[in-house]
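In: Have a look at this prediction, sequence included:
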Amino acid sequence: MLAEGVAPCKPRSARQRAQGPTSCRPPDGAIVCTNSRQEIGCDANPAPADTMDWHMNKHRTLFTGATILPMDGKSEDLAVGDLLVEDDLIAAIAPNLDIDDAQVIDASGTVLCPGFVDTHRHTWQTPLHGVRTDWNLLDYLTYIRGMYCICYEPEDAALANRVGALEALDSGITTLVDHSHLQLSEAHSDGLAEGIIDSGIRGIFCYGTYRNLAYKPGQDASDLPRLLGEVNGPLNEWHKKNATRIRDTYFADESARVRFGIASREFETLPESESMLEELRWSRTLRPARISIHVGMSSREPLNVVRELHEAGEIRPDLLFVHGNHLTDDELRMIIDGGASVSSAIEIEMTYGAYPVVNRFTRLGGQSSIGIDATIDFGGDMFGQMRALLNEWRLERSLQNPLKMTRKVHQKKVLEIATVRAAEAIGFGDLTGSLTVGKKADLLLLRTDALGLTPMWDPYAAVVNYGNPSLVDTVMVDGRIVKRNGKLVGIDWPALRDALERSRADIRRRFSLIPEQPIRERWAQGFRIEISD
């Protein structure tokens with residue numbers, strides 16, 4: 001979706017895209033487009049000199065006077081300290097660093113901590129913010145997975161993924177696992193991949209192999225029964241070829257900032273395990289950074305995914321199980337024994353009547369993490385997720401023994417799960433998730449001098465209990481400043497906002513042309529959900 005009178009810049013090669021978040025940016029790093037044409041959302045007006053320096057120079061940046069929370073389990077917190085970034089890496093952390101040739105950011109009055117790691121998000125759903133906030137699980141499956149998803153044109157998909165990733169960056173999320181089950185055509189797939197890469201975020205683009213309904217809004221409704229019958233069919237050859245093409249085009253470098261992954265079909269709705277195992281084994285031929293799998297959202301009949309994978313010896317560290325609300329302790333132990341991890345989306349799971357598994361999985365010794373999932377119900381930041389996790393954790397402990405005054409869970413444990421533990425869960429533990437010398441410079445500054453947060457007593461409480469995106473002053477990814485002084489750098493938000501409004505109008509118009517009832521019945525059958533008035 002381009003603003004009126006705005007044409008797209010010349011596309012960059014996949015290699016160029018992988019090298020950095022340089023939307024319409026010439027080799028010297030200037031923001032202004034080279035040919036007087038502008039990619040939507042790329043600010044055509046030169047940024048102030050200091051802001052442009054922060055964004056473009058990948059040399060030495062010194063943060064001074066911050067309260068530093070390393071989150072590596074080894075280093076002590078610093079009430080006041082400095083952190084040096086050289087190129088894309090953290091070079092030094094100390095109470096006082098004497099550095100001459102560095103750009104200096106005065107971080108006094110802030111908490112400096114690792115960027116958040118969101119391990120599960122359907123980024124393509126960004127244009128659907130607040131579409132309805134009173135749905136149950138069947139409503140979500142019917143309207144989002146069955147209807148709204150087929151209303152996107154390729155330009156809607158590209159815009160959604162770019163803005164969704166920018167929304168994450170704006171709130172301090174520096175790493176994102178995009179469970180992207182909107183692969184409707186090659187053009188959709190290209191737009192989704194480019195949107196994530198061009199945003200500047202770190203992450204894994206998990207190509208969705210789910211067979212979306214091949215129905216065009218306004219098409220003859222008599223075709224629906226046949227098309228709905230194809231949804232649960234085996235993994236088709238088109239997805240195999242397209243996924244391979246996307247990997248080779250955009251993610252050939254397995255050490256790039258954004259890496260290739262797979263988002264599997266809804267295995268729990270399959271009648272038998274053979275096609276699941278076949279897909280999983282094929283997925284691994286593409287060497288994905290992670291394979292993201294929805295499990296335990298509702299009834300597990302007819303297929304118990306975790307048990308079947310365990311018995312086949314296919315649970316390995318490359319699997320990221322998502323949700324798992326209805327898994328038994330035995331099934332959770334199977335995940336742990338295989339070295340895999342679980343991502344919980346606390347707010348949306350509780351909204352849809354499911355109890356988060358993160359506490360139970362952690363208590364059993366598992367590697368837990370949290371994600372946003374869908375921004376149709378809640379904001380796309382980690383602050384709400386962390387508070388929901390903290391309160392759920394404390395409530396569960398209290399319910400176990402209401403009369404025993406046990407020590408409550410501290411905010412530090414929750415922040416660990418949102419940073420270092422999450423990075424480890426997706427195989428990025430050596431790269432990010434903590435402020436450790438030698439790791440990538442993925443970090444955020446949270447202001448603590450604002451009304452409602454001053455005076456600060458506990459920096460962990462400042463982040464977890466009081467934090468919100470408006471307090472995120474600065475965000476750095478891979479040594480590049482992407483947010484400074486409370487604003488995303490090089491982004492023309494009014495243009496993006498207008499494009500989103502037009503995209504929403506187009507999606508809504510197409511949605512009105514789709515018959516609902518047959519789609520609702522199909523999803524209810526697949527997940528064994530009883531339809532009630």
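Out: Thanks, I have the structure now.

In: so Gly261, which of the three states?
Out: strand (DSSP: H, G, I helix; E, B strand; the rest coil).

In: got the contact list for it?
Out: Val177, Ile204, Phe205, Cys206, Tyr207, Pro288, Ala289, Arg290, Ile291, Ser292 (CB atoms under 8 Å, 6 or more residues apart in numbering). (Each C-beta comes from the backbone N, C-alpha and C, glycine too.)

In: so when I look at the second one, I'm seeing a helix, right?
Out: No: with three-state DSSP as the criterion, Ile204 is located in strand rather than a helix.

In: low-confidence ranges in the stretch 251-400 of the chain?
Out: Residue ranges of the stretch 251-400 of the chain with pLDDT under 70: 298-302.

In: can you do 90?
Out: 269-272, 297-303, 351-354, 377, 392-400 (pLDDT under 90).

In: Which residue ranges of it form strands?
Out: 258-263, 291-295, 319-323, 341-344, 368-370 (DSSP state E, counting those that start in this stretch).

In: Which of these sits closest to Arg502?
Out: strand 258-263 (26.8 Å; CB to CB).

In: Strand 291-295 and that closest one, what's the angle between them?
Out: Inter-element angle recorded for strand 258-263 and strand 291-295: 40 degrees (by axes from the mean of the first three to the mean of the last three CA atoms, to 10 degrees).

In: ok and strand 258-263 relative to strand 319-323, angle-wise?
Out: Using the same axes, to 10 degrees, strand 258-263 lies at 60 degrees relative to strand 319-323.

In: Could you tell me the end-to-end distance of stretch 484-493?
Out: Using CA to CA, to the nearest Å, one end of stretch 484-493 lies 15 Å from the other.

In: list the buried ones in that stretch?
Out: For stretch 484-493, a neighbour-count test (16 or more other CB atoms under 10 Å) marks Arg484, Leu488, Val489, Gly490, Ile491, Asp492 as buried.

In: Dump those residues into a markdown table; add distance to Pro70 as well.
Out: Conversion of those to a markdown table gives the following (distance: CB to CB, whole Å):
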| residue | distance to Pro70 |
| --- | --- |
| Arg484 | 22 |
| Leu488 | 26 |
| Val489 | 25 |
| Gly490 | 29 |
| Ile491 | 30 |
| Asp492 | 35 |
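
In: what residues are up against Leu97?
Out: Per CB under 8 Å, 6+ apart, neighbours of Leu97: Leu62, Thr64, Asp82, Leu83, Leu84.

In: buried sites along the host helix or strand of Leu83?
Out: Using DSSP states H and E, Leu83 falls within strand 78-86. Using 16+ other CB under 10 Å as the test for burial, strand 78-86 gives Leu78, Gly81, Asp82, Leu83, Leu84, Val85, Glu86.

In: ok, the most centrally placed residue in the chain to Val117 distance?
Out: Geometric centre of the chain, nearest residue: Leu176, 3.5 Å, by CA atoms, centre = their mean. Going from Leu176 to Val117 by CB to CB, to the nearest Å gives 8 Å.

In: One more: Gly146?
Out: 30 Å.

In: can you check Trp124 too?
Out: 20 Å.

In: ok, and for stretch 101-121, which residues are buried?
Out: Applying 16+ other CB under 10 Å to stretch 101-121 flags 102-103, 105, 107, 109-121 as buried.

In: nope, stretch 342-362 is what I meant
Out: 342-349, 351-352, 354, 356-362.

In: Then stretch 204-220?
Out: Buried-residue list, stretch 204-220, by 16+ other CB under 10 Å: Ile204, Phe205, Cys206, Tyr207, Gly208, Thr209, Tyr210, Arg211, Asn212, Leu213, Tyr215.

In: From one end of that stretch to the other, what's the distance?
Out: 38 Å.

In: ditto for stretch 363-378
Out: For stretch 363-378, the end-to-end distance is 27 Å (CA to CA).

In: now stretch 105-122
Out: 34 Å.

In: swap in stretch 104-121?
Out: 34 Å.
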